[in-house]
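S.K.: The sequence isn't on hand, but the structure is:
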């Protein structure tokens, strides 16, 4: 299972929408309609979920492009490279997992 994304990273403390797709073994893109999505962001992929920097459940309406909105509060984390996992749950059973990396960049502030 591979997970592709449009968003390579984001600036710390920004409102951001991550755009993700999961490509299935037959090459088709997963339709997320009616499925519960669990988005997990960790510093190290081997860490347990309860140590995750961010864990968010999301239920999209439909479509193959998953857009996960993150608020400025949720992205106010230390700059660095993080591992993410997208778990797909259908009828209480985890069916699929996609994963990848995201870069969180330190914002540049200008002013007096």
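M.R.: Happy to help now that I have it. Note that the structure is a prediction, hence the values are computed from the model and not measured.

S.K.: Any idea how far apart the tips of stretch 58-66 sit?
M.R.: Terminal residues of stretch 58-66 are spaced 10 Å apart (CA to CA, to the nearest Å).

S.K.: Oops, could you answer that again for stretch 22-32 instead?
M.R.: 9 Å.

S.K.: quick one, strands of this structure?
M.R.: 2-5, 9-11, 16-23, 36-42, 54-58, 66-70, 80-90, 93-105 (DSSP state E).

S.K.: any chance you could read off phi and psi for residue 78?
M.R.: phi -60, psi 140 (degrees, to the nearest 10).

S.K.: Please list all residues in contact with it.
M.R.: Contact analysis of residue 78 by CB atoms under 8 Å, 6 or more residues apart in numbering lists 12, 104. Yep, even glycine has a C-beta here, placed from its N, CA and C like the rest.

S.K.: got it, and the one 4 residues further on?
M.R.: Neighbouring residues of residue 82 by CB under 8 Å, 6+ apart: 41, 42, 43, 53, 101, 102, 103, 104.

S.K.: Who's the closest spatial neighbour of residue 63, skipping the chain neighbours?
M.R.: Distance criterion CB to CB, 6 or more residues apart in numbering; nearest residue to residue 63, sequence neighbours excluded, is residue 32 at 6.3 Å.

S.K.: Much appreciated, bye for now.
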